[in-house]
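> coordinates only, sequence not included:
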């Protein structure tokens, strides 16, 4: 009985180590699937207003007091998320995506686009350091960005897409 307990513990440790050491590309693929689901569901209702911008704020994030309507700063522990809103862009605008492609970063790990119900969105992951990535989630004129540990890629991109997809402003 004691021997089988040790074998189980070793197997459990191996599974945990493999999961923690996933390559960023695998995490990115999983994150793109999560972001696509968030984009397509478009299920988050607005629960915050800053200036003339209404958006969904996940309960785990807080709004920085310095936020203004076109640059909203949300924080979670040591990570900051920047929600930039261009009220002149419609939900189907591809301006930010075109800029990404024009300025294509040297360390772009991947990007994926989505469209549904006359809305255009994309997510992108850019390597910023050994274990650091820049994450971008965008829908029309609403873009959410952060730089974080690559282990946060899946959870963060999904939440970021929920935020971007939910943005409403007076000019829409």
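That came through, no problem. Note that the structure is predicted; figures quoted are calculated from it, not measured.

> Name the helix or strand of the chain that has the lowest mean pLDDT.
Taking mean pLDDT, DSSP states H and E as the measure, helix 2-20 is the helix or strand of the chain with the lowest mean score, a mean of 45.

> now whichever helix or strand comes after that one: how far from the chain's centre is it?
The C-terminal neighbour of helix 2-20 among helices and strands, as given by DSSP states H and E, is helix 24-41. In terms of C-alpha atoms, centre = their mean, to the nearest Å, the centre of helix 24-41 is set 9 Å apart from its chain centre.

> Same question for stretch 44-51.
Here stretch 44-51 is found 17 Å from its chain centre; the criterion is C-alpha atoms, centre = their mean.

> which residues are contacting it?
38, 54-57, 63, 67-70, 72, 162-163, 165-166, 168 (C-beta atoms under 8 Å, 6 or more residues apart in numbering). Glycine gets a C-beta too; all of them are placed from N, C-alpha and C.

> Please point out which parts of that stretch sit buried.
Within stretch 44-51, the residues that count as buried by 16 or more other C-beta atoms under 10 Å are 44, 48, 50.

> Stretch 49-68 too?
For stretch 49-68, by 16+ other C-beta under 10 Å, it's 50, 53, 54, 55, 56, 57, 58, 61, 67.

> What average pLDDT does that stretch get?
For stretch 49-68, mean pLDDT is 92.

> just stretch 116-132 next, same as before
According to the model, stretch 116-132 has a mean pLDDT of 93.

> Name the residues of it that are buried.
Across stretch 116-132, burial judged by 16+ other C-beta under 10 Å covers 119, 120, 121, 122, 123, 124, 125, 126, 127.
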